[in-house]
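In: Below are the sequence and a predicted model for it; my questions follow.
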Amino acid sequence: MLFVKDLESGYGEMQVLWGVDLEVREKTITAILGPNGAGKTTTLRALFGLNRPWKGIVEFEKNDVTYMPPHQKVEIGITMVLEGRHLFPSMSVEENLRLGAYTKRAEERIDDSTELVYNLFPRLKERKEQKAGTLSGGEQQMLAIGRALMSAPKLILMDEPSQGLAPKLVAEVFETVARLREEGLTILLVEQNVYASLEISDYAYVLGDGKVILGGTVDEIRDSEEVKRVYVGV
């Protein structure tokens, strides 16, 4: 579904990515792992168009989308759940959700998307008139994911969805991500929680200093010496 070859990008004159190669297969969860500063978030931002790629190729469903702006990527079925949630705190849960269905493609599917979100997150349905800023951290993360689902995506890029959550809520978030795959969605996941990510993922890539240093199935990655070296320092 998503094919990335020799991707380079950065901020200003500072290069962060140095020839990233990866592939995301349809209806799977692929995790991008690595220490802080490895280039994980920058990879997602470059794929979505928030950071302009300097070099390389990004293909989605065999179409070149390397330099396509984010709003056009949403229209063709790519969306992103940003780190930090970025909700509208003074607006209700339902209003936040509807803001996610702003493309023509999403408007046509708004009823089905709303039903999917409320089935996945019954608590959001219970609180649909409540202001987003009054929700708990876990509920806000559910709302951020739900808003992304309102665009009727095929591929969801997720940046640190468990960040700042209590352990019980982290488990709920990962269960939700796994359920999204069951609904037929494809997910590219950036996470610091390595072992929880590997539990739900099908494939994984390990980044170090802006380069892919290891990639493969979860079984190949889980007990690799490279993962232990990057995360544990052994």
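Out: Perfect, thanks for sending it.
In: Residue 57: which element?
Out: strand 55-60 (DSSP states H and E).
In: quick one: contacts of that strand?
Out: Contact with strand 55-60 is made by 1-8, 19-20, 46-47, 64-66, 73, 76-78, 155, as judged by Cβ atoms under 8 Å, 6 or more residues apart in numbering. Backbone N, C-alpha and C define where each C-beta goes, glycine included.
In: so what's residue 157 bridging to?
Out: Applying DSSP bridges to residue 157 yields these beta-bridge partners: residue 80, residue 188.
In: distance of it from residue 90?
Out: Here residue 157 is placed at a distance of 27 Å from residue 90 (Cβ to Cβ, to the nearest Å).
In: Between those two, tell me which one has more neighbours.
Out: residue 157 (26 against 10; other Cβ atoms under 10 Å).
In: State the distance from that one to residue 111.
Out: Taking Cβ to Cβ, one finds residue 157 at 25 Å from residue 111.
In: do residue 148 as well
Out: With Cβ to Cβ as the criterion, residue 148 and residue 111 are 17 Å apart.
In: got it, and residue 44?
Out: 29 Å.
In: Could you check which of those two is surrounded by more residues?
Out: It is residue 44, of residue 44 and residue 111, that has more neighbours when counted by other Cβ under 10 Å, with 23 against 9.
In: Just confirm the more buried one is within a strand.
Out: No: counting by DSSP: H, G, I helix; E, B strand; the rest coil, residue 44 is not found in a strand; it is helix.
In: and the longest helix for the chain?
Out: Longest helix in the chain, counting residues (DSSP state H): helix 167-182.
In: in stretch 186-198, what counts as buried?
Out: 186-191, 193-194, 196-198 (16 or more other Cβ atoms under 10 Å).
In: Give the rounded mean pLDDT of that stretch.
Out: Here stretch 186-198 scores 91 as its mean pLDDT.
In: Dump it to CSV, keeping only the CA atoms.
Out: Written as CSV, here are the backbone C-alpha positions of stretch 186-198 (Å, rounded to 0.1, in the frame of the first residue of the first chain):
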residue,chain,number,x,y,z
THR,A,186,-3.8,0.0,7.7
ILE,A,187,-1.6,1.6,10.4
LEU,A,188,1.9,3.0,10.5
LEU,A,189,2.7,3.5,14.2
VAL,A,190,5.5,5.5,15.9
GLU,A,191,5.8,4.6,19.5
GLN,A,192,8.3,4.7,22.4
ASN,A,193,6.6,1.7,24.0
VAL,A,194,8.6,-0.9,22.1
TYR,A,195,7.3,-4.2,23.5
ALA,A,196,3.6,-3.1,23.5
SER,A,197,4.0,-2.0,19.9
LEU,A,198,5.5,-5.3,18.9
